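Novice: need a 3D model of the following:
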Amino acid sequence: MRSTPPSAIGIDIAPDAVRAAAIRCDAQGPTLLGVTAHPLPTDAVVDGRIVGSAAVARAIRAAATRLGSGAVTLSASGPETVLTVVEMPALSDAELAESIEWEADAAIPFDLATMALEYRVVARSEAESSISVSVSGLPRAQLDIVVGVGRKAALEVRAVELVAEALRRAHTLAGVRTDAKPAAIVELAGGRVTMVVLVWGQAVFVREAAAVGEGAVTAIKRTLGTYATDARDLAEVIVAGPEAAAVAGALGGIARPWAPGEILTRADGVGIPDAEFATALGLAMPAAASNVIGTPSPKKGWLARLLGR
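Specialist: Sure, this is the predicted structure:
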């Protein structure tokens, strides 16, 4: 008999709520098994950092229980998280492992000794003998807290991923094909604004900000303005989050709410997921493995790590 592929659960820990999605991947592609959301106290997550670990642990445990068994990927966000792309000469794996730390030190405005950083090659140009390397990371202390909360909830934590990386994957999940003209996916969730600009499907610009004392549309326009002074500089803007439809309508023009494309099928009885679950779905989707920065040879790490995917 053929065994049923295991399910994977993505859990986004936003300032206002925990949002989770479960999928099963097989040769036919990803199948959505269900989504769920559980509210959080207002002081449980502050500036992307988990402050009320007990409340968050209860919420993610409730979400995982509602969706059934499966390995869990948790989100991380905040002003000190990093997702950037550096251009480098074509190198062997061993040479890249040696050189990437220097490149990361030049590109990242934080003390590397305090950061958990990982990298993966996202593009190769034989004509220019160059590679594009995605570097992602967050403070080690924050990573420890996220993993600790997952374990406090008695969950099998498969990986920790940045919200920006999950949104990049959610953009792909929407069935959108990107080319040389930049496209953006932006999410507003509980006062957290995250924007990812994509070229050829890879993140080239990431900005995370807090929407404090301003409306959703104003916050997103301000965040978009950090990349493009004119909306015509972007091919499209996809809006995710609980207010996606209203915000996209107010933005007008090239903006539209996130919705899953045909790549995502749904199990019997499962409805079309709302845009507020875009990040959770991105977290649950299979990801490419990354390598740890600061080791003499490639070594798999916590961010975007493959654990039985």
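
Novice: I'd like to know how far the residue nearest the centre of the chain sits from Val72.
Specialist: The centroid of the chain falls nearest to Ala166 when counting by C-alpha atoms, centre = their mean (2.1 Å). Using C-beta to C-beta, to the nearest Å, Ala166 is found at 13 Å from Val72. Just so you know, the C-beta spots here come from the backbone N, C-alpha and C atoms, and that holds for glycine as well.

Novice: overlap in contacts of those two?
Specialist: Residues touching both Ala166 and Val72 (C-beta atoms under 8 Å, 6 or more residues apart in numbering) are Gly10.

Novice: how about the residue nearest to the centre of the chain: what's its closest non-neighbour residue?
Specialist: Gly282 (3.4 Å; C-beta to C-beta, 6 or more residues apart in numbering).

Novice: with Leu67 instead?
Specialist: Ala22 is the one closest to Leu67 (C-beta to C-beta, 6+ apart), at 4.1 Å.

Novice: helix or strand: which one has the one you found?
Specialist: Ala22 belongs to strand 17-26 when assigned by DSSP states H and E.

Novice: what's the answer for Leu83, then?
Specialist: strand 82-89.

Novice: so after that strand, what's the next helix or strand?
Specialist: Counting by DSSP H and E, what follows strand 82-89 is helix 93-107.

Novice: relative to strand 82-89, how tilted is that next one?
Specialist: Per axes from the mean of the first three to the mean of the last three C-alpha atoms, to 10 degrees, the angle that helix 93-107 makes with strand 82-89 is 120 degrees.

Novice: mind giving me the packing neighbours of helix 93-107?
Specialist: strand 82-89, strand 115-125, strand 130-139 (3 or more C-beta pairs under 8 Å, 6 or more residues apart in numbering; DSSP states H and E).

Novice: with just CA atoms, put the shortest one into PDB.
Specialist: Taking only C-alpha atoms (Å, rounded to 0.1, in the frame of the first residue of the first chain), the coordinates of strand 82-89 have been written out as PDB:
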ATOM      1  CA  VAL A  82      17.400  40.200   7.500                       C
ATOM      2  CA  LEU A  83      16.600  39.000   4.000                       C
ATOM      3  CA  THR A  84      18.900  40.300   1.200                       C
ATOM      4  CA  VAL A  85      20.600  39.200  -2.000                       C
ATOM      5  CA  VAL A  86      24.300  39.700  -2.600                       C
ATOM      6  CA  GLU A  87      26.000  39.300  -6.000                       C
ATOM      7  CA  MET A  88      29.200  37.300  -6.000                       C
ATOM      8  CA  PRO A  89      31.700  35.700  -8.500                       C
END
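
Novice: show me what it is packed against.
Specialist: helix 93-107, strand 115-125, strand 130-139, strand 202-210.

Novice: change it to 10 Å
Specialist: helix 93-107, strand 115-125, strand 130-139, strand 157-162, helix 163-173, strand 192-199, strand 202-210 (3 or more C-beta pairs under 10 Å, 6 or more residues apart in numbering; DSSP states H and E).
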